[in-house]
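S.K.: Following is a predicted model, sequence given first.
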Amino acid sequence: MHFVSIRVITADVARLVGFYERATGVTADWATEDFAEIRTTSATLAIGSTRTVGLFAPGSAEPSANRSVIVEFLVDDVDAVHRDLAGFAEVVAEPTTMPWGNRSLLVRDPDGTLVNFFTPVTPAALARQGLASGDQRNV
């Protein structure tokens, strides 16, 4: 089995895609006006319109209703991401070095989903990501 992607359902695909393109620096691949994917080297964030829900199971997904999932991106420099998103995204928690060794920035996307951008900064945190000090990380 391979974990392939997470799909977020939204009432405004273009707005949400625009947020994630800016936040990640990755240009979305659009299949239709109702579906796009942000493909990184390690995972895909799929973004679908409410119109796509009916193709699976009508009424099974509701946009802007998530309060249990945090979408996470490993980035080279969390402080640079913070500067880039200042005034663009709702900042929930400023960049902070967590007890487990990641420097993290927590924001909300336009639909209210929590998004964590993090950079491992301690030797233990780097090792958990399979990185050595100074390794380049790409989203």
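M.R.: It's in.
S.K.: Which element, helix or strand, includes residue 36?
M.R.: Here residue 36, judged by DSSP states H and E, is contained in strand 35-39.
S.K.: With just CA atoms, put that strand into CSV.
M.R.: These are the backbone C-alpha positions of strand 35-39, laid out as CSV (Å, rounded to 0.1, in the frame of the first residue of the first chain):
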residue,chain,number,x,y,z
PHE,A,35,-9.8,19.7,-9.3
ALA,A,36,-6.1,20.6,-8.9
GLU,A,37,-3.1,19.0,-7.3
ILE,A,38,-0.1,20.5,-5.5
ARG,A,39,2.6,17.8,-6.1
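S.K.: Strand partners (parallel or antiparallel) of it?
M.R.: Using DSSP bridges, strand 35-39 pairs in its sheet with strand 29-32 (antiparallel), strand 44-49 (antiparallel).
S.K.: Using JSON lines, lay out those strands together with distance to residue 74.
M.R.: (Glycine included, C-beta is placed from N, CA and C.) Converted to JSON lines, those look like this (distance: least, C-beta to C-beta, whole Å):
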{"stretch": "strand 29-32", "distance to residue 74": "21"}
{"stretch": "strand 44-49", "distance to residue 74": "13"}
